[in-house]
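> sequence first, then the predicted structure, then my questions.
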Amino acid sequence: MEFKICENCNMIFQYIGHGEVICPACVQKDDEDCEKIKDFLIENPNAREEEISKGTRISLKSIEKLIKANKIVVKGTNATALTCNMCGISIPSGRYCADCKRKFAMDPGSTGRSGGGMRFIRR
């Protein structure tokens with residue numbers, strides 16, 4: 001195993017080799033934040049991000065990060081301005097729309113960008 005620096009708190013931790021580069025303490029905090037947000041949304045189903053932030057005392061930045069990580073799905077009146085990284089349409093969570101995920105699954109070499117694919121830097 002190798003050691004990495006957490007993207008959230010900059011602490012060194014033992015990285016298990018896959019997934020986000022986030023320490024166990026930050027993973028636990030994210031899980032606790034998700035539970036707080038879930039509980040808040042049960043009582044306030046149409047709350048917007050700003051209301052969720054005020055009601056839970058979780059920063060907007062953290063809420064957006066959880067949405068992008070697909071830990072929170074935003075629907076209806078509380079939808080954010082997230083867009084698909086490939087085609088640009090509005091999406092409720094994550095980084096890609098369902099169509100682009102499906103296209104990528106069929107042809108992993110297509111990234112939707114001109115000249116896509118992996119590149120190597122010559123030294």
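Okay, I see it.

> C-alpha only now, for contacts and for neighbours.
Noted.

> buried stuff in the longest helix seen in the chain?
The longest helix of the chain (DSSP state H) is helix 24-43. Using 16 or more other C-alpha atoms under 10 Å as the test for burial, helix 24-43 gives 30, 33, 34, 36, 37, 40.

> in those, find the pair that's most separated.
Between any two of those, the greatest separation by C-alpha to C-alpha is 15.1 Å, found for 30 and 40.

> the residue lying closest to residue 21 once chain neighbours are set aside: how many residues sit nearby?
With sequence-adjacent residues excluded and distances taken as C-alpha to C-alpha, 6 or more residues apart in numbering, residue 21 is closest to residue 6, at 5.6 Å. Counted with other C-alpha atoms under 10 Å, the neighbours of residue 6 add up to 19.

> then residue 98?
By other C-alpha under 10 Å, the residues close to residue 98 number 11.

> just the one 4 residues further on next, same as before
A total of 12 residues lie near residue 102 under the criterion other C-alpha under 10 Å.

> tell me how far it lies from residue 72.
As judged by C-alpha to C-alpha, to the nearest Å, residue 102 and residue 72 stand 21 Å apart.
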